[in-house]
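>>> this one's sequence-less:
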């Protein structure tokens, strides 16, 4: 498994290194597979009906670093992540990307939201960010929408039209599909033919954009593994010095390593001796 194995080994040694996190939300550190290497470091148009509503900028989550601090170190790292995904060394870039983690709290929604922003900040690329973690949906909050905002559950359970549920954001070319009210049967809904049809519809109707899908941890829910079958590529998010190595290996086996396009390691703090100044940019750790 090569570089993924190196990431696991790095994570396994983390506690001995006594690395401290600097933010309550994790920040990415590295993505790798046999062909793509992404290093991330933490600091602490369509003819369809237009999506509804843009909330005021001040309501956005401050952890959307790619938006609030586009020239900062963290935003630069997400640009590297974006570049490695959109310009692979071989083959076409994945148009639909699942972001998931081994356990809750590893920062998958943080990574999904900031990656979506970073891609949308490109010259031409449009993004649809879908919140498929209906048990713990959070994407709507990150972009300033209220908890009663309709979304995915309304599409799957109440058969509301997709275009009526999409929400514009203050980020140009970025639209979100919130999770919607928490349903009583999220596993069944996300594993349904309706969900499969939604992903197909989104890819065909909105073929001018990338689709980022935030999903729950596969070890805790059955639906993520099913969703993986309809996705081009998967990004795994692990928390440095926290996520158990055996759970990461189990996750890779469950999803299938052939679909994994990279691993993002969150909450990695660069030792002071490994930094150098270059304006606001600092050298990031190479694994």
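That came through, no problem. Note that this is a predicted model, so its numbers are computed, not measured.
>>> contacting residues around residue 143?
Contact analysis of residue 143 by C-beta atoms under 8 Å, 6 or more residues apart in numbering lists 55, 60-61, 64, 113, 167, 169-170, 176. (Each C-beta comes from the backbone N, C-alpha and C, glycine too.)
>>> Turn the residues you listed into TSV, including distance to residue 183.
Converted to TSV, these look like this (distance: C-beta to C-beta, whole Å):
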residue	distance to residue 183
55	24
60	26
61	24
64	27
113	22
167	19
169	24
170	28
176	18
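>>> so which of those residues is the most crowded?
residue 113 (30 neighbours; other C-beta atoms under 10 Å).
>>> Which of the three states applies to the most centrally placed residue in the chain?
Of all residues in the chain, the one closest to the mean position by C-alpha atoms, centre = their mean is residue 112, 2.0 Å from it. Recorded secondary structure, residue 112: helix (DSSP: H, G, I helix; E, B strand; the rest coil).
>>> One more: residue 203?
Three states are possible here, and by three-state DSSP the one that applies to residue 203 is helix.
>>> With residue 262 instead?
Judged by three-state DSSP, the three-state class of residue 262 is strand.
>>> could you measure it against residue 146, distance?
33 Å (C-beta to C-beta, to the nearest Å).
>>> These two: which has the busier surroundings?
residue 262 (26 against 10).
>>> Across the sheet, point out what pairs with that one.
residue 235 (DSSP bridges).
>>> pLDDT score for it?
Listed pLDDT for residue 262 reads 88.
>>> Over to residue 275?
Confidence score, pLDDT, at residue 275: 47.
>>> same deal with the one 3 residues further on?
The predicted local confidence for residue 278 comes out at a pLDDT of 36.
>>> residue ranges with poor pLDDT in this structure?
Applying pLDDT under 70 to the chain picks out residues 1-58, 270-287.
>>> At which residues are the strands of it located?
For the chain, the strands defined by DSSP state E cover 30-32, 37-39, 96-101, 126-131, 167-168, 174-177, 209-214, 233-239, 260-266, 277-278, 281-282.
>>> Go through those strands and name the closest to residue 69.
Taking C-beta to C-beta, strand 281-282 is the member of those nearest to residue 69, at 12.2 Å.
>>> Number of residues surrounding residue 244?
Residue 244 has 14 nearby residues by other C-beta under 10 Å.
>>> Settle this for me: residue 108 is touching residue 97, isn't it.
No - counting by C-beta atoms under 8 Å, residue 108 stays clear of residue 97, with 11.8 Å between them.
>>> Which of the two has more residues huddled nearby?
Shown here are residue 108 and residue 97; by other C-beta under 10 Å, residue 108 has more neighbours (29 against 23).
>>> what's the closest of the strands of the chain to residue 137?
Residue 137 lies closest to strand 126-131 among the strands of the chain, at 4.9 Å (C-beta to C-beta).
>>> Check the offset of the closest one from the chain's centre.
Between the centre of strand 126-131 and the centre of its host chain there is 10 Å, according to C-alpha atoms, centre = their mean, to the nearest Å.
>>> Show me what it pairs with in its sheet, parallel or antiparallel.
Taking DSSP bridges as the criterion, strand 126-131 forms sheet pairs with strand 174-177 (parallel), strand 209-214 (parallel).
>>> Looking at the ones you listed, spot the one closest to residue 131.
Checking the strands paired with strand 126-131 against residue 131 by C-beta to C-beta gives strand 209-214 as the closest, at 5.3 Å.
>>> From residue 185, how far off is the nearest residue to residue 239 once chain neighbours are set aside?
Distance criterion C-beta to C-beta, 6 or more residues apart in numbering; nearest residue to residue 239, sequence neighbours excluded, is residue 106 at 4.4 Å. Distance of residue 106 to residue 185, given as C-beta to C-beta: 25 Å.
>>> who has more neighbours, the two?
Between residue 106 and residue 185, residue 106 has the larger neighbour count (other C-beta under 10 Å), namely 25 against 13.
>>> what sits against the more buried one?
Contacts of residue 106 (C-beta under 8 Å, 6+ apart): 26, 237-239, 242-243, 266.
>>> Recalculate using a threshold of 10 Å.
Contacts of residue 106 were listed using C-beta atoms under 10 Å, 6 or more residues apart in numbering, and they are 26, 100, 217, 236-240, 242-243, 248, 264-267.
>>> I am finished for the moment; much appreciated.
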